[in-house]
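Colleague: Dropping a prediction and its sequence here:
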Amino acid sequence: MTLTQLIKREVKAFIKNPGFIIGLVLIVSVYGLLGNITGRAVESAMKEVIESNVGLVLEEKTRLVEELVKLLNTTMGGRVRVYESLDKAVSDAGVGVVIPTGFTENATSPNKPIMLRGSVKVAVFSLTGAQARAGLLTTISSAVERLLPLAISATYNVSLQPQKPVLVSGSISFYNKQVSQEEFLSITAFTSLTPLLVSIILGINTTYASQIVAIEKVEKAFEMLLAQPIRRRDIVLAKILGASIASILFGAVYMIGLLTMFLGGISSTASAEQAPPITTITAFLGPEMLGVIGLAIVLGLIFSGAIGVVIGSLVSDERIAGGLAAPVMFVFMGVGFMAMFMGLPPNPASAVLAGLTIATLPYMYAVSLMSGETTLMLYSIIVSVGTCALLIYVASAIFNKDVIVLGLRIPWARKTKEKT
(Lines give C-alpha, C1' and ligand atoms only; values in the text may rest on other atoms or scores of the structure.)
Protein backbone atom coordinates (compact mmCIF):
# COMPACT_ATOMS: atom_id res chain seq x y z
CA MET A 1 0.00 0.00 0.00
CA THR A 2 1.48 3.32 -1.08
CA LEU A 3 1.80 6.44 1.06
CA THR A 4 -0.98 8.16 -0.90
CA GLN A 5 -3.37 5.27 -0.23
CA LEU A 6 -2.47 5.27 3.46
CA ILE A 7 -3.16 9.00 3.71
CA LYS A 8 -6.52 8.58 1.92
CA ARG A 9 -7.41 5.76 4.32
CA GLU A 10 -6.70 7.91 7.38
CA VAL A 11 -8.61 10.89 5.96
CA LYS A 12 -11.65 8.71 5.20
CA ALA A 13 -11.52 7.32 8.74
CA PHE A 14 -11.91 10.67 10.47
CA ILE A 15 -14.33 12.04 7.86
CA LYS A 16 -16.64 9.09 8.54
CA ASN A 17 -16.27 9.67 12.29
CA PRO A 18 -19.50 11.32 13.49
CA GLY A 19 -17.66 12.71 16.51
CA PHE A 20 -15.35 14.61 14.18
CA ILE A 21 -18.27 16.09 12.22
CA ILE A 22 -20.19 17.01 15.37
CA GLY A 23 -17.03 18.53 16.81
CA LEU A 24 -16.54 20.76 13.79
CA VAL A 25 -20.16 21.92 13.94
CA LEU A 26 -19.89 22.67 17.66
CA ILE A 27 -16.67 24.64 17.31
CA VAL A 28 -17.94 26.72 14.39
CA SER A 29 -21.31 27.35 16.07
CA VAL A 30 -20.03 28.19 19.55
CA TYR A 31 -17.13 30.37 18.45
CA GLY A 32 -19.28 32.06 15.82
CA LEU A 33 -21.77 32.93 18.58
CA LEU A 34 -19.01 34.04 20.94
CA GLY A 35 -17.40 36.12 18.21
CA ASN A 36 -20.71 37.85 17.60
CA ILE A 37 -21.23 38.47 21.32
CA THR A 38 -17.71 39.75 21.99
CA GLY A 39 -17.81 41.87 18.84
CA ARG A 40 -20.97 43.52 20.04
CA ALA A 41 -19.45 43.97 23.50
CA VAL A 42 -16.39 45.74 22.04
CA GLU A 43 -18.58 47.83 19.75
CA SER A 44 -20.85 48.74 22.65
CA ALA A 45 -17.88 49.72 24.84
CA MET A 46 -16.39 51.91 22.14
CA LYS A 47 -19.77 53.47 21.32
CA GLU A 48 -20.33 54.23 25.00
CA VAL A 49 -16.96 55.93 25.20
CA ILE A 50 -17.54 57.96 22.03
CA GLU A 51 -21.00 59.08 23.10
CA SER A 52 -20.20 59.67 26.78
CA ASN A 53 -20.62 63.12 28.23
CA VAL A 54 -17.59 64.68 29.89
CA GLY A 55 -18.05 66.24 33.31
CA LEU A 56 -15.76 69.15 34.15
CA VAL A 57 -15.24 70.53 37.65
CA LEU A 58 -13.83 74.05 37.59
CA GLU A 59 -11.92 74.89 40.76
CA GLU A 60 -10.97 78.20 39.14
CA LYS A 61 -12.96 80.21 36.58
CA THR A 62 -10.54 82.45 34.74
CA ARG A 63 -10.91 83.72 31.18
CA LEU A 64 -8.43 81.08 30.02
CA VAL A 65 -10.42 78.25 31.63
CA GLU A 66 -13.68 79.52 30.14
CA GLU A 67 -12.11 79.70 26.67
CA LEU A 68 -10.66 76.21 27.08
CA VAL A 69 -14.08 74.83 28.10
CA LYS A 70 -15.65 76.37 24.99
CA LEU A 71 -13.05 74.79 22.73
CA LEU A 72 -13.42 71.40 24.43
CA ASN A 73 -17.20 71.55 24.07
CA THR A 74 -16.91 72.37 20.37
CA THR A 75 -14.33 69.63 19.77
CA MET A 76 -16.37 66.98 21.61
CA GLY A 77 -19.65 67.80 19.91
CA GLY A 78 -21.31 69.62 22.80
CA ARG A 79 -20.84 66.75 25.26
CA VAL A 80 -19.01 68.79 27.92
CA ARG A 81 -20.96 69.54 31.13
CA VAL A 82 -19.83 71.55 34.15
CA TYR A 83 -20.49 70.13 37.65
CA GLU A 84 -19.96 71.29 41.21
CA SER A 85 -18.08 68.19 42.38
CA LEU A 86 -16.13 65.29 40.92
CA ASP A 87 -18.49 62.72 42.49
CA LYS A 88 -21.48 64.36 40.82
CA ALA A 89 -19.70 64.54 37.46
CA VAL A 90 -18.74 60.86 37.59
CA SER A 91 -22.21 59.81 38.72
CA ASP A 92 -24.03 61.70 35.95
CA ALA A 93 -21.59 61.76 33.04
CA GLY A 94 -19.53 58.64 33.78
CA VAL A 95 -16.28 60.58 33.54
CA GLY A 96 -15.14 63.65 35.43
CA VAL A 97 -12.05 65.86 35.14
CA VAL A 98 -11.03 68.59 37.58
CA ILE A 99 -9.43 71.80 36.34
CA PRO A 100 -7.52 72.51 39.55
CA THR A 101 -6.67 75.74 41.28
CA GLY A 102 -3.51 77.23 39.78
CA PHE A 103 -4.23 75.81 36.32
CA THR A 104 -3.99 79.23 34.61
CA GLU A 105 -0.69 80.06 36.28
CA ASN A 106 0.80 76.70 35.37
CA ALA A 107 -0.49 76.91 31.79
CA THR A 108 1.07 80.34 31.20
CA SER A 109 4.37 79.63 32.96
CA PRO A 110 6.99 77.93 30.78
CA ASN A 111 8.53 75.68 33.43
CA LYS A 112 5.48 74.59 35.45
CA PRO A 113 3.78 71.24 34.78
CA ILE A 114 0.06 70.96 34.14
CA MET A 115 -1.65 68.26 36.19
CA LEU A 116 -5.35 67.35 36.13
CA ARG A 117 -7.37 65.04 38.33
CA GLY A 118 -10.00 62.72 36.93
CA SER A 119 -12.18 59.70 37.55
CA VAL A 120 -14.32 57.35 35.45
CA LYS A 121 -17.18 55.05 36.40
CA VAL A 122 -16.96 51.37 35.43
CA ALA A 123 -19.88 48.97 35.84
CA VAL A 124 -18.32 45.53 35.13
CA PHE A 125 -14.97 43.75 35.26
CA SER A 126 -14.11 43.59 31.58
CA LEU A 127 -10.73 44.11 29.99
CA THR A 128 -12.31 45.75 26.96
CA GLY A 129 -14.65 47.98 28.93
CA ALA A 130 -12.09 48.87 31.59
CA GLN A 131 -9.43 49.85 29.08
CA ALA A 132 -11.93 51.83 26.99
CA ARG A 133 -13.29 53.73 29.98
CA ALA A 134 -9.86 54.35 31.50
CA GLY A 135 -8.71 55.61 28.10
CA LEU A 136 -11.27 58.41 28.32
CA LEU A 137 -9.06 60.31 30.78
CA THR A 138 -6.11 60.04 28.40
CA THR A 139 -8.29 61.25 25.54
CA ILE A 140 -9.43 64.29 27.52
CA SER A 141 -5.91 65.18 28.67
CA SER A 142 -4.71 64.90 25.06
CA ALA A 143 -7.53 67.21 23.93
CA VAL A 144 -6.62 69.76 26.62
CA GLU A 145 -2.97 69.57 25.60
CA ARG A 146 -3.89 70.19 21.94
CA LEU A 147 -6.40 72.99 22.59
CA LEU A 148 -4.59 74.86 25.36
CA PRO A 149 -2.28 76.85 23.00
CA LEU A 150 -5.36 77.96 21.04
CA ALA A 151 -7.10 79.02 24.24
CA ILE A 152 -4.05 81.00 25.41
CA SER A 153 -3.75 82.69 22.02
CA ALA A 154 -7.44 83.67 21.97
CA THR A 155 -7.46 84.85 25.60
CA TYR A 156 -4.32 86.97 25.65
CA ASN A 157 -4.08 87.92 21.95
CA VAL A 158 -0.62 86.44 21.63
CA SER A 159 0.96 84.28 18.99
CA LEU A 160 0.27 80.56 19.13
CA GLN A 161 2.20 78.99 22.01
CA PRO A 162 3.98 75.63 21.82
CA GLN A 163 2.19 72.70 23.38
CA LYS A 164 2.89 71.78 26.99
CA PRO A 165 2.39 68.23 28.25
CA VAL A 166 -0.83 67.77 30.22
CA LEU A 167 -0.90 64.87 32.67
CA VAL A 168 -3.94 63.40 34.39
CA SER A 169 -4.00 61.57 37.71
CA GLY A 170 -6.95 59.23 37.32
CA SER A 171 -8.97 56.85 39.44
CA ILE A 172 -11.75 54.34 38.78
CA SER A 173 -15.13 54.48 40.49
CA PHE A 174 -16.44 50.93 40.78
CA TYR A 175 -19.63 50.61 42.82
CA ASN A 176 -18.73 53.58 45.03
CA LYS A 177 -15.21 52.27 45.59
CA GLN A 178 -12.31 54.41 44.39
CA VAL A 179 -9.18 52.67 43.06
CA SER A 180 -6.33 53.87 40.90
CA GLN A 181 -6.21 52.98 37.22
CA GLU A 182 -3.22 50.70 37.76
CA GLU A 183 -4.93 48.88 40.62
CA PHE A 184 -8.18 48.45 38.72
CA LEU A 185 -6.48 47.16 35.57
CA SER A 186 -4.49 44.66 37.67
CA ILE A 187 -7.65 43.42 39.39
CA THR A 188 -9.60 43.30 36.12
CA ALA A 189 -6.84 41.39 34.31
CA PHE A 190 -6.57 38.84 37.11
CA THR A 191 -10.34 38.46 37.47
CA SER A 192 -10.89 38.15 33.72
CA LEU A 193 -8.04 35.73 33.04
CA THR A 194 -8.80 33.35 35.92
CA PRO A 195 -11.97 31.89 34.28
CA LEU A 196 -9.98 31.23 31.11
CA LEU A 197 -7.28 29.35 33.01
CA VAL A 198 -9.84 27.31 34.95
CA SER A 199 -11.70 26.59 31.69
CA ILE A 200 -8.56 25.12 30.15
CA ILE A 201 -8.22 22.70 33.06
CA LEU A 202 -11.89 21.69 32.77
CA GLY A 203 -11.54 21.10 29.04
CA ILE A 204 -8.51 18.89 29.56
CA ASN A 205 -10.37 16.96 32.26
CA THR A 206 -13.30 16.31 29.92
CA THR A 207 -10.91 14.80 27.38
CA TYR A 208 -9.17 12.62 29.97
CA ALA A 209 -12.45 11.31 31.42
CA SER A 210 -13.97 10.47 28.03
CA GLN A 211 -10.80 8.70 26.89
CA ILE A 212 -10.55 6.64 30.09
CA VAL A 213 -14.05 5.22 29.60
CA ALA A 214 -13.85 4.80 25.83
CA ILE A 215 -10.47 3.01 25.84
CA GLU A 216 -11.62 0.52 28.50
CA LYS A 217 -14.70 -0.14 26.37
CA VAL A 218 -12.58 -0.89 23.28
CA GLU A 219 -10.16 -3.09 25.25
CA LYS A 220 -13.10 -5.16 26.59
CA ALA A 221 -12.02 -4.40 30.16
CA PHE A 222 -15.25 -2.60 30.86
CA GLU A 223 -17.41 -5.73 30.85
CA MET A 224 -15.20 -7.33 33.51
CA LEU A 225 -15.41 -4.22 35.67
CA LEU A 226 -19.19 -4.03 35.35
CA ALA A 227 -19.49 -7.70 36.26
CA GLN A 228 -17.97 -7.02 39.67
CA PRO A 229 -20.26 -6.41 42.68
CA ILE A 230 -19.54 -2.68 42.60
CA ARG A 231 -22.09 0.09 42.55
CA ARG A 232 -22.18 1.83 39.19
CA ARG A 233 -22.14 5.21 40.93
CA ASP A 234 -18.82 4.30 42.56
CA ILE A 235 -17.37 3.45 39.14
CA VAL A 236 -18.52 6.83 37.83
CA LEU A 237 -16.95 8.65 40.78
CA ALA A 238 -13.71 6.69 40.37
CA LYS A 239 -13.51 7.64 36.69
CA ILE A 240 -14.13 11.30 37.53
CA LEU A 241 -11.53 11.35 40.32
CA GLY A 242 -8.96 9.50 38.21
CA ALA A 243 -9.27 11.99 35.38
CA SER A 244 -9.28 14.88 37.87
CA ILE A 245 -5.95 13.87 39.40
CA ALA A 246 -4.29 13.88 35.97
CA SER A 247 -5.89 17.22 35.12
CA ILE A 248 -4.82 18.77 38.44
CA LEU A 249 -1.19 17.81 37.85
CA PHE A 250 -1.24 19.19 34.32
CA GLY A 251 -3.30 22.24 35.23
CA ALA A 252 -1.19 23.16 38.25
CA VAL A 253 1.95 23.37 36.15
CA TYR A 254 0.08 25.23 33.39
CA MET A 255 -1.49 27.79 35.74
CA ILE A 256 1.76 28.42 37.63
CA GLY A 257 3.50 29.15 34.36
CA LEU A 258 0.78 31.48 33.08
CA LEU A 259 0.32 33.30 36.40
CA THR A 260 4.07 33.81 36.67
CA MET A 261 4.08 35.29 33.18
CA PHE A 262 1.06 37.48 33.94
CA LEU A 263 2.28 38.79 37.29
CA GLY A 264 5.78 39.29 35.96
CA GLY A 265 4.48 41.28 33.00
CA ILE A 266 2.41 43.54 35.26
CA SER A 267 5.29 43.97 37.70
CA SER A 268 7.69 45.04 34.98
CA THR A 269 5.40 47.89 33.95
CA ALA A 270 4.64 49.06 37.48
CA SER A 271 6.74 51.72 39.15
CA ALA A 272 8.88 50.97 42.16
CA GLU A 273 6.51 52.89 44.45
CA GLN A 274 3.42 50.90 43.44
CA ALA A 275 2.32 47.85 45.38
CA PRO A 276 2.98 44.50 43.68
CA PRO A 277 -0.04 43.24 41.70
CA ILE A 278 -0.61 40.21 43.94
CA THR A 279 -0.66 42.54 46.98
CA THR A 280 -3.16 44.81 45.25
CA ILE A 281 -5.39 41.89 44.30
CA THR A 282 -5.28 40.43 47.81
CA ALA A 283 -6.02 43.81 49.37
CA PHE A 284 -9.21 44.31 47.36
CA LEU A 285 -10.47 40.75 46.90
CA GLY A 286 -9.07 39.21 50.08
CA PRO A 287 -7.27 35.88 50.52
CA GLU A 288 -10.66 34.21 50.15
CA MET A 289 -10.28 34.69 46.40
CA LEU A 290 -7.77 31.84 46.34
CA GLY A 291 -10.28 29.65 48.15
CA VAL A 292 -12.94 30.49 45.57
CA ILE A 293 -10.54 29.61 42.75
CA GLY A 294 -9.87 26.28 44.47
CA LEU A 295 -13.61 25.67 44.88
CA ALA A 296 -14.18 26.45 41.21
CA ILE A 297 -11.48 23.97 40.21
CA VAL A 298 -12.88 21.20 42.44
CA LEU A 299 -16.49 21.67 41.33
CA GLY A 300 -15.35 22.19 37.75
CA LEU A 301 -13.40 18.92 37.74
CA ILE A 302 -16.49 17.06 38.96
CA PHE A 303 -18.61 18.88 36.38
CA SER A 304 -16.27 18.34 33.43
CA GLY A 305 -15.35 14.82 34.54
CA ALA A 306 -19.02 13.84 34.58
CA ILE A 307 -19.46 15.29 31.08
CA GLY A 308 -16.44 13.30 29.92
CA VAL A 309 -17.77 10.09 31.47
CA VAL A 310 -21.14 10.62 29.75
CA ILE A 311 -19.38 11.14 26.40
CA GLY A 312 -17.20 8.07 26.89
CA SER A 313 -20.26 6.02 27.88
CA LEU A 314 -22.26 6.89 24.78
CA VAL A 315 -19.59 6.44 22.11
CA SER A 316 -18.29 3.17 20.72
CA ASP A 317 -14.55 3.93 20.59
CA GLU A 318 -11.92 6.43 21.69
CA ARG A 319 -11.75 8.19 18.30
CA ILE A 320 -15.35 9.35 18.56
CA ALA A 321 -14.78 10.23 22.22
CA GLY A 322 -11.83 12.42 21.24
CA GLY A 323 -13.83 14.02 18.44
CA LEU A 324 -16.60 15.00 20.86
CA ALA A 325 -14.44 15.91 23.87
CA ALA A 326 -12.17 18.30 21.96
CA PRO A 327 -14.93 20.80 21.08
CA VAL A 328 -16.19 20.64 24.67
CA MET A 329 -12.77 21.94 25.69
CA PHE A 330 -13.13 24.82 23.24
CA VAL A 331 -16.59 25.55 24.63
CA PHE A 332 -15.12 25.84 28.14
CA MET A 333 -12.44 28.17 26.81
CA GLY A 334 -15.11 30.17 25.02
CA VAL A 335 -16.81 30.79 28.36
CA GLY A 336 -13.53 32.17 29.67
CA PHE A 337 -13.20 34.48 26.67
CA MET A 338 -16.77 35.67 27.16
CA ALA A 339 -16.03 36.70 30.76
CA MET A 340 -12.85 38.45 29.62
CA PHE A 341 -14.46 40.55 26.88
CA MET A 342 -18.03 41.03 28.07
CA GLY A 343 -18.03 40.92 31.83
CA LEU A 344 -20.96 39.90 34.01
CA PRO A 345 -23.12 42.44 35.85
CA PRO A 346 -24.07 41.71 39.48
CA ASN A 347 -27.57 40.30 39.03
CA PRO A 348 -29.31 36.91 39.57
CA ALA A 349 -29.07 35.97 35.87
CA SER A 350 -25.28 36.36 35.97
CA ALA A 351 -25.15 34.37 39.21
CA VAL A 352 -27.03 31.47 37.60
CA LEU A 353 -24.81 31.63 34.49
CA ALA A 354 -21.69 31.53 36.67
CA GLY A 355 -23.10 28.55 38.53
CA LEU A 356 -23.84 26.66 35.31
CA THR A 357 -20.42 27.32 33.78
CA ILE A 358 -18.54 27.01 37.11
CA ALA A 359 -15.33 28.38 35.57
CA THR A 360 -16.65 31.92 36.11
CA LEU A 361 -17.21 31.46 39.87
CA PRO A 362 -14.05 33.47 40.77
CA TYR A 363 -15.25 36.26 38.49
CA MET A 364 -18.69 36.32 40.14
CA TYR A 365 -17.06 36.36 43.58
CA ALA A 366 -15.06 39.48 42.68
CA VAL A 367 -18.12 41.21 41.20
CA SER A 368 -20.38 40.35 44.14
CA LEU A 369 -17.72 41.43 46.64
CA MET A 370 -17.01 44.79 45.00
CA SER A 371 -20.70 45.54 44.43
CA GLY A 372 -21.79 44.46 47.91
CA GLU A 373 -24.23 41.85 46.51
CA THR A 374 -22.62 38.92 48.33
CA THR A 375 -25.73 36.73 48.18
CA LEU A 376 -25.17 36.35 44.42
CA MET A 377 -22.11 34.21 45.11
CA LEU A 378 -24.21 31.91 47.29
CA TYR A 379 -26.69 31.47 44.41
CA SER A 380 -23.83 30.58 42.06
CA ILE A 381 -22.44 27.94 44.43
CA ILE A 382 -25.89 26.37 44.93
CA VAL A 383 -26.43 26.16 41.16
CA SER A 384 -22.91 24.71 40.68
CA VAL A 385 -23.40 21.97 43.27
CA GLY A 386 -26.83 21.12 41.85
CA THR A 387 -25.43 20.92 38.31
CA CYS A 388 -22.63 18.59 39.40
CA ALA A 389 -25.07 16.32 41.27
CA LEU A 390 -27.36 16.17 38.24
CA LEU A 391 -24.53 15.20 35.89
CA ILE A 392 -23.31 12.47 38.25
CA TYR A 393 -26.86 11.12 38.39
CA VAL A 394 -27.10 11.12 34.58
CA ALA A 395 -23.74 9.35 34.24
CA SER A 396 -24.75 6.72 36.83
CA ALA A 397 -28.05 6.16 35.02
CA ILE A 398 -26.22 5.60 31.72
CA PHE A 399 -23.91 3.09 33.42
CA ASN A 400 -26.99 1.03 34.32
CA LYS A 401 -28.04 0.79 30.65
CA ASP A 402 -26.84 -1.50 27.84
CA VAL A 403 -25.49 1.52 25.97
CA ILE A 404 -22.52 1.57 28.35
CA VAL A 405 -21.19 -1.58 26.66
CA LEU A 406 -22.46 -1.21 23.12
CA GLY A 407 -22.21 2.53 22.73
CA LEU A 408 -24.84 4.76 21.20
CA ARG A 409 -25.45 3.52 17.68
CA ILE A 410 -26.02 6.27 15.16
CA PRO A 411 -27.97 5.12 12.06
CA TRP A 412 -26.04 7.56 9.86
CA ALA A 413 -22.77 5.86 10.82
CA ARG A 414 -24.16 2.39 10.05
CA LYS A 415 -25.47 3.45 6.65
CA THR A 416 -22.08 4.90 5.79
CA LYS A 417 -20.36 1.64 6.65
CA GLU A 418 -22.84 -0.39 4.60
CA LYS A 419 -22.24 1.81 1.52
CA THR A 420 -18.50 1.39 1.79
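Modeller: Thanks, I have the structure now.
Colleague: Let me see the domain layout of the chain.
Modeller: Residue ranges for the domains of the chain, per automatic domain parsing: 52-174, 188-419.
Colleague: Dump those domains to a markdown table, plus mean pLDDT and mean neighbour count.
Modeller: For every residue, glycine as well, the C-beta is placed using N, CA and C. Output for these, formatted as a markdown table (pLDDT from 0 to 100; neighbours: other Cβ atoms under 10 Å):
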| stretch | mean pLDDT | mean neighbour count |
| --- | --- | --- |
| domain 52-174 | 83 | 18 |
| domain 188-419 | 76 | 19 |
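Colleague: Including distance to E182, could the ones you listed go into JSON lines?
Modeller: Shown next, in JSON lines, are these (distance: least, Cβ to Cβ, whole Å):
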{"stretch": "domain 52-174", "distance to E182": "10"}
{"stretch": "domain 188-419", "distance to E182": "6"}
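Colleague: right, and the ones you listed - which one's nearest S180?
Modeller: Nearest to S180 among the domains of the chain is domain 52-174 (5.6 Å), distances taken as Cβ to Cβ.
Colleague: can you give me the offset of stretch 135-150 from its chain's centre?
Modeller: Averaging C-alpha positions (Cα atoms, centre = their mean, to the nearest Å) puts stretch 135-150 31 Å from its chain's average.
Colleague: just stretch 388-405 next, same as before
Modeller: In terms of Cα atoms, centre = their mean, the centre of stretch 388-405 is set 32 Å apart from its chain centre.
Colleague: Outside of it itself, list whatever touches it.
Modeller: Residues external to stretch 388-405 that are found in contact with it (Cβ atoms under 8 Å, 6 or more residues apart in numbering): 217, 222-223, 226, 232-233, 235-237, 240, 299, 302-303, 306-307, 309-310, 313-314.
Colleague: and those, which of them are in helices?
Modeller: Assignment to helices by DSSP state H places the following of the contacts of stretch 388-405 there: 217, 222-223, 226, 232-233, 235-237, 240, 299, 302-303, 306-307, 309-310, 313-314.
Colleague: what residue of the chain is the furthest out?
Modeller: Largest separation from the mean C-alpha position in the chain: N157, at 52.7 Å (Cα atoms, centre = their mean).
Colleague: how near is it to T357?
Modeller: Per Cβ to Cβ, to the nearest Å, N157 is found 64 Å from T357.
Colleague: now swap in V309 and tell me
Modeller: 19 Å.
Colleague: Please apply the same query to P195.
Modeller: Relative to T357, P195 is positioned 8 Å away (Cβ to Cβ).
Colleague: what touches both of these two?
Modeller: V335.
Colleague: For the stretch 251-400 of the chain, just list every one of the strands.
Modeller: Counting by DSSP state E, counting those that start in this stretch, the stretch 251-400 of the chain has no strands at all.
Colleague: Tell me who's in contact with the nearest residue in space to Y365 that is not next to it in sequence.
Modeller: Leaving aside its sequence neighbours, Y365 sits nearest to V292 (Cβ to Cβ, 6 or more residues apart in numbering; 4.4 Å). Neighbour list for V292: 361-362, 365, 377 [criterion: Cβ under 8 Å, 6+ apart].
Colleague: how about those, which pair is most distant?
Modeller: Greatest spatial distance among the contacts of V292 (Cβ to Cβ): P362 and M377, at 10.0 Å.
Colleague: any idea which element G96 lies in?
Modeller: Using DSSP states H and E, the element containing G96 is strand 95-99.
Colleague: Neighbouring strands - and their directions - for that strand?
Modeller: Strands adjacent to strand 95-99 in the sheet, as given by DSSP bridges, are strand 54-58 (parallel), strand 114-121 (antiparallel).
Colleague: Any chance of JSON lines for these, columns distance to T191?
Modeller: Compiled in JSON lines, the strands paired with strand 95-99 are given as follows (distance: least, Cβ to Cβ, whole Å):
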{"stretch": "strand 54-58", "distance to T191": "27"}
{"stretch": "strand 114-121", "distance to T191": "18"}
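Colleague: Select, out of those strands, the one closest to N205.
Modeller: When the strands paired with strand 95-99 are compared by Cβ to Cβ, strand 114-121 sits nearest N205, at 38.9 Å.
Colleague: quick one, helices of the stretch 101-250 of the chain?
Modeller: 103-108, 127-156, 181-218, 221-227, 232-269 (DSSP state H, counting those that start in this stretch).
Colleague: Same list (those) but as JSON lines, adding distance to S169.
Modeller: Shown next, in JSON lines, are these (distance: least, Cβ to Cβ, whole Å):
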{"stretch": "helix 103-108", "distance to S169": "14"}
{"stretch": "helix 127-156", "distance to S169": "9"}
{"stretch": "helix 181-218", "distance to S169": "9"}
{"stretch": "helix 221-227", "distance to S169": "66"}
{"stretch": "helix 232-269", "distance to S169": "17"}
